[in-house]
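Student: Got a predicted structure here, sequence first:
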Amino acid sequence: MTAIQTAPQLGGGYRHALRLETREAHDRAEAVFARFHDNPLQEMTWFLSVQRAALIGLAEARIPEENRICEVVLEDLIERLDFDLAHAHVPAVSVTADRPLAGLAVDYLVLGSRLGTKVVRRRLAKLLDHYEMPTYFLAPSAQDLWRRHCQQLNEIAPDGSMARRITDDSIHGFGLFEKAGEAMRV
Ligand code: HEM
């Protein structure tokens, strides 16, 4: 999917640069889920398990002194995945980041990925009734936090060391979804 081309105008600040610099990493992570797109109902448990493993990896890559505005959203998503997978017999897989990740990188991944989930939910709505829909897809929109996050990104100098760190950590974080996909390969 041409995920990155569908977003509205981004301006020329660090938020725009981050999107461009992580585009390949996004597309690799998105490609992991191709089998879910081909067969959403059959691959649902697999999809949810991969999301769960990767989101727990992001949750645990916390730097205690760095605030993450996605924290409540992240906790809520993991709880929803726990609920959705409660009766599924899937192996517990865990993936961990090699290092703690910048709070803003985790915000970017968690809040940004909600944009893609919206697209997936629209597709699923044609296949599942509301009561059949995994609660993961029924999480409230995080649009306001995403907007606030984009403002925060634009306050960062695009060529500074902070920007470098957020970009590197975002790419590393995207890699957790690839790792989780490999770990859950059956
Ligand atoms: C299931 C496969 C995926 C699909 C179909 C998908 C789709 C999309 C789409 C359509 C957008 C753009 C939405 C918009 O601009 O309105 C987007 C953005 C984004 N997605 Fe994905 N995505 C997928 C997987 C992922 C994964 C695994 C991550 C990992 C965290 C992720 C993180 C992001 C981020 C951070 C953005 C924001 C990009 C930006 O504007 O800077 N996506 N995705």
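Tutor: Received the coordinates, thanks. Numbers count the residues shown, from 1 in each chain.

Student: and residue 59, how many neighbours?
Tutor: If you count neighbours by other Cβ atoms under 10 Å, residue 59 ends up with 17. The C-beta positions use only the backbone N, C-alpha and C, and glycine is treated the same way.

Student: Was I right to think it contacts residue 78?
Tutor: Yes: counting by Cβ atoms under 8 Å, residue 59 does reach residue 78; the two are 6.4 Å apart.

Student: Just want to check the distance between residue 24 and residue 178.
Tutor: From residue 24 across to residue 178, the span is 12 Å (Cβ to Cβ, to the nearest Å).

Student: next one: residue 184
Tutor: For residue 184, the distance to residue 178 - Cβ to Cβ - is 11 Å.

Student: out of these two, which sits in the more crowded spot?
Tutor: Between residue 184 and residue 178, residue 184 has the larger neighbour count (other Cβ under 10 Å), namely 21 against 17.

Student: unless I'm mixing things up, that one is touching residue 46, no?
Tutor: Yes: counting by Cβ under 8 Å, residue 46 is a contact partner of residue 184 at 6.0 Å.

Student: what's the overlap in contacts for the two?
Tutor: residue 90 (Cβ atoms under 8 Å, 6 or more residues apart in numbering).

Student: in what helix or strand does the closest residue in space to residue 128 that isn't next to it in sequence lie?
Tutor: Nearest non-adjacent residue to residue 128, counting by Cβ to Cβ, 6 or more residues apart in numbering: residue 41, 7.7 Å away. Using DSSP states H and E, residue 41 maps to neither a helix nor a strand.

Student: right, and residue 41 touches residue 123 too?
Tutor: No: in this structure, residue 41 is not within contact of residue 123 by Cβ under 8 Å, at 11.1 Å.

Student: Where do the helices of this protein begin and end?
Tutor: 14-21, 23-32, 34-38, 44-60, 71-84, 103-124, 143-154, 161-183 (DSSP state H).
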